[in-house]
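Undergrad: please work out how this folds:
(2 chains)
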Amino acid sequence: MGKYQQDTDWILAIRQDDPEALESLYKAYFPMILRFITQNSGLESDARDIFQEAVILFYEKVKSDSLVLTCSIKTYLYAVCKKAWLKHLYKSHRYMLAVNETEFDEQVEPEEFWFSDEWGQSLEKLQESLLSLGEPCRGLLVDFYVGQLNMQELSVKYHYTNADNAKNQKYKCLQRLKKIFFKE
Amino acid sequence: MKSEQQKIEWMELYWQDNLPAEEKQQLEEELKRNPDLKREFDEYGKIFRSLDVLRQRSALKAKLQALHIQQKQAQRWRKLFKFNPSGIAAAAAVALIISISGVLYLSVKDFGKEDRAFYKELKRDIDQIKQSQKVLWKEVYQKNGQEKNSGTGFAVSSSGHIITSYHLIKDAESIMVYNQEIKSRKAKLLAFDPIGDIALLSIEDTSFTGFGTLPYKMASTPRLLGEKLFTLGYPKEDIVYNEGYISSVTGYNNDSVSYQVSIPVNPGNSGGPLLDAQGNLIGMINGKHKEAEGTAFAVKAGYIRQFYVEKLNDSLQHVLKKTKSNQVLYSRPEQLQRLRKFVVEVRVY
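TA: Sure, this is the predicted structure:
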């Protein structure tokens, strides 16, 4: 764990954008989640996806100061991953659990708000809308808003004659995206 | 009154907090007066904010992904050499071993710049195709819009796991697999091995009901010089059959995890299955010699098996062992008729 002796060190480091914070967090706690998931009919890739999602939520909450931590980070991450994995197992009808309860270093209260992801639903909907938007609209919007390409780069990638054309296209796509997103 | 596009642009600037104070005030006043505009404004607001969260999460995810690979590699070294972190002597020994095996490891399959020139990966590169077969392909690629390149893959489980070559999908934003029987399905990357040039995909589509029982098994012993073999692949939109023989039991630069095969292959054959006369899977096509025509390279089945044993713990280990090959009872066209369902075109966007 090196320079992060206490949980508060990690939280401070994340707030200050210390690039080592995530690395040491990964090193310290991924093996625990890997063990849990592979013992419960998951693959390493499942462990990776679940753990990364939990870290992302944790990171966002630390950054936005909305984290209410009533236990250690270890317990927090374990609980979030466990819950997410159980949900996944239930969904795929493969529920069977061999939890090693000693992983918990303290009593955990199953409080809903820990796991709440206020963006989860709208992001899911956004992804769906983007998919049904089709190409090249999806690619164009994702490259601009997520990949942060500029109009010049976009016009080259998508074979528009100039940046203005790409921009017009982007707004047309955006209009269609809004329509699909708010359809229901 | 502003045009539709200007209006959205205006709102976007507002949500990004980039609108000059004066215009901001103007917009706010207009919002008060015009409830329709206000509704539209809120809707775009939600989309812009969602896109922003998506951006932040994607960036974070990429960082974590890099950490993951980095730590897996560290872990592999530890496993290989039973790394004992306590004790300086042990650490020094490990450092030494790493530097020695670094050389060994590179010599397995690392193409120096000069050598590389003669080794050609077989993904179907749009630009390259455009140049050589401009007229022939034009229509196809215009229709497909953003397709980056395409190649071949084959099923290794009845539930939808597919092996293909890593170089094909390494820059993929999204991956679709396609053949006549299963139609177009979205796939995701489960695991990969850049050194062996192998990737494992799984079909994500919930409506996908499975491939059915696999008609081939993975060859358990390495094949000998001269063994007759055939491959199926997608150098064009329809499946293409080719046959040949093993011309060397080592691959490019004496690479021991590959075969050199004498078989006509084209861009698009990358990731295709290599089968023997009985229909056993003996490897995967991944490249060809740039100069010598008809000389291709294929990763050996043993290495592919090792790959998914290592990457997937235990859950897929026995997938290909279980299935029985009774292909010998059939004539080649009948054999192919049964096989073609399990060979897919991998389209990378």
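
Undergrad: how many residues are close by residue B:26?
TA: Applying other C-beta atoms under 10 Å in any protein chain shown, we find 13 other residues in the vicinity of residue B:26. C-beta here means a position set from N, CA and C on the backbone, and glycine is covered the same way.

Undergrad: same check on residue B:69?
TA: For residue B:69, the tally of surrounding residues (other C-beta under 10 Å) stands at 13.

Undergrad: give the helix, strand or coil label for it.
TA: Of the three states, residue B:69 takes helix under DSSP: H, G, I helix; E, B strand; the rest coil.

Undergrad: nearest residue to the residue in chain B that chain A sits nearest to other than its sequence neighbours?
TA: Across chain B, the shortest distance to chain A (C-beta to the nearest C-beta) belongs to residue B:51, at 4.1 Å. Taking C-beta to C-beta, 6 or more residues apart in numbering or on different chains as the measure, residue B:51 lies nearest to residue A:145, with 4.1 Å between them; neighbours along the chain are not counted.

Undergrad: report the contact partners of residue B:275.
TA: If you count contacts by C-beta atoms under 8 Å, 6 or more residues apart in numbering or on different chains, residue B:275 has them with B:216, B:229-232, B:281-282, B:339.

Undergrad: how about low-confidence regions in chain B?
TA: Residues of chain B meeting the criterion pLDDT under 70: B:1-2, B:75-147, B:312-329.

Undergrad: what does it put close to chain A?
TA: Chain B comes close to chain A at residues B:4-5, B:8-9, B:43-44, B:46-47, B:50-58, B:60-61, B:63-65, B:67-68, B:71, B:145-146, B:173, B:190-191, B:311-313, B:315, B:349, as judged by C-beta under 8 Å from any C-beta of the partner chain.

Undergrad: still on that earlier bit, now intersect the contacts of residue B:275 with the helices, please.
TA: Those of these mapping onto helices are residue B:339, per DSSP state H.

Undergrad: the residue nearest to residue B:51: what secondary structure?
TA: Assigned by three-state DSSP, the conformation of residue A:145 is helix.

Undergrad: just the pLDDT for it.
TA: At residue A:145 the predicted local distance difference test score is 85.

Undergrad: give the contact list for it.
TA: With contact set as C-beta under 8 Å, 6+ apart, residue A:145 has these partners: B:51-52, B:54-55.

Undergrad: apply 10 Å and report the result again.
TA: In this structure, residue A:145 makes contact with A:130, A:170, A:174, B:47-48, B:50-52, B:54-55, B:58, judged by C-beta atoms under 10 Å, 6 or more residues apart in numbering or on different chains.

Undergrad: again with residue B:241
TA: Each residue near residue B:241 by C-beta under 10 Å, 6+ apart is listed here: B:230-233, B:332-333, B:336, B:339-340, B:343.

Undergrad: and it, what element?
TA: Residue B:241 belongs to strand B:240-248 when assigned by DSSP states H and E.

Undergrad: paired strands for that strand, with orientation please.
TA: Its sheet considered, strand B:240-248 pairs with strand B:228-233 (antiparallel), strand B:258-262 (antiparallel) by DSSP bridges.

Undergrad: what residues go with each domain of chain A?
TA: Domain ranges of chain A: A:7-115, A:120-181, per automatic domain parsing.

Undergrad: could I get the full set of helices for the chain?
TA: No chain in the question, so chain A it is. Chain-ordered helices for chain A, with DSSP H as the definition, fall at A:7-15, A:19-39, A:44-63, A:73-91, A:112-115, A:120-133, A:137-141, A:151-157, A:163-181.

Undergrad: not quite, I wanted chain B
TA: Taking DSSP H to define them, one finds helices in chain B at B:4-15, B:21-33, B:35-81, B:88-108, B:113-116, B:126-132, B:134-144, B:166-169, B:301-311, B:319-322, B:332-339.

Undergrad: can you list the buried residues in stretch B:16-27?
TA: B:19, B:27 (16 or more other C-beta atoms under 10 Å in any protein chain shown).

Undergrad: chain center to that stretch: distance?
TA: Mean C-alpha position of stretch B:16-27 versus that of the full chain (C-alpha atoms, centre = their mean, to the nearest Å) differs by 46 Å.

Undergrad: do the same with stretch B:37-56
TA: The chain centroid and the centroid of stretch B:37-56 are separated by 33 Å, computed with C-alpha atoms, centre = their mean.

Undergrad: taking the centroid of chain B, which residue is nearest it?
TA: residue B:169 (3.2 Å; C-alpha atoms, centre = their mean).

Undergrad: let me see the contact set for that residue.
TA: The neighbours of residue B:169, taking C-beta under 10 Å, 6+ apart as the test, are B:123, B:148-149, B:151, B:153, B:175, B:187, B:189, B:192, B:199, B:201, B:270-271, B:346-348.

Undergrad: swap in 8 Å and give it another go.
TA: Residues counted as contacts of residue B:169 (C-beta under 8 Å, 6+ apart) are B:175, B:189, B:192, B:199, B:201, B:346, B:348.

Undergrad: from those, which land in strands?
TA: Among these, DSSP state E puts B:175, B:189, B:192, B:199, B:201, B:346, B:348 in strands.

Undergrad: with adjacent residues omitted, what lies nearest to the third one?
TA: Yep, that's residue B:192 we're talking about. The spatially closest residue to residue B:192, leaving aside those adjacent along the chain, is residue B:199, at 4.2 Å (C-beta to C-beta, 6+ apart).

Undergrad: just to check, that neighbour is in contact with residue B:172?
TA: No. With contact defined as C-beta atoms under 8 Å, residue B:199 and residue B:172 do not form a contacting pair (9.3 Å).

Undergrad: re earlier: buried set for the strand holding residue B:241?
TA: Of the residues in strand B:240-248, B:240, B:242, B:244, B:246-247 count as buried by neighbour count, 16+ other C-beta under 10 Å.

Undergrad: kindly report the same for stretch A:140-152.
TA: A:140-147, A:149, A:151.

Undergrad: now the residues you listed as CSV including distance to residue A:180?
TA: CSV is the format used below for those (distance: C-beta to C-beta, whole Å):
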residue, distance to residue A:180
A:140, 15
A:141, 12
A:142, 15
A:143, 18
A:144, 17
A:145, 16
A:146, 17
A:147, 21
A:149, 22
A:151, 23
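
Undergrad: tell me which of the residues you listed is nearest to residue B:206?
TA: residue A:142 (22.5 Å; C-beta to C-beta).

Undergrad: I am finished for the moment; much appreciated.
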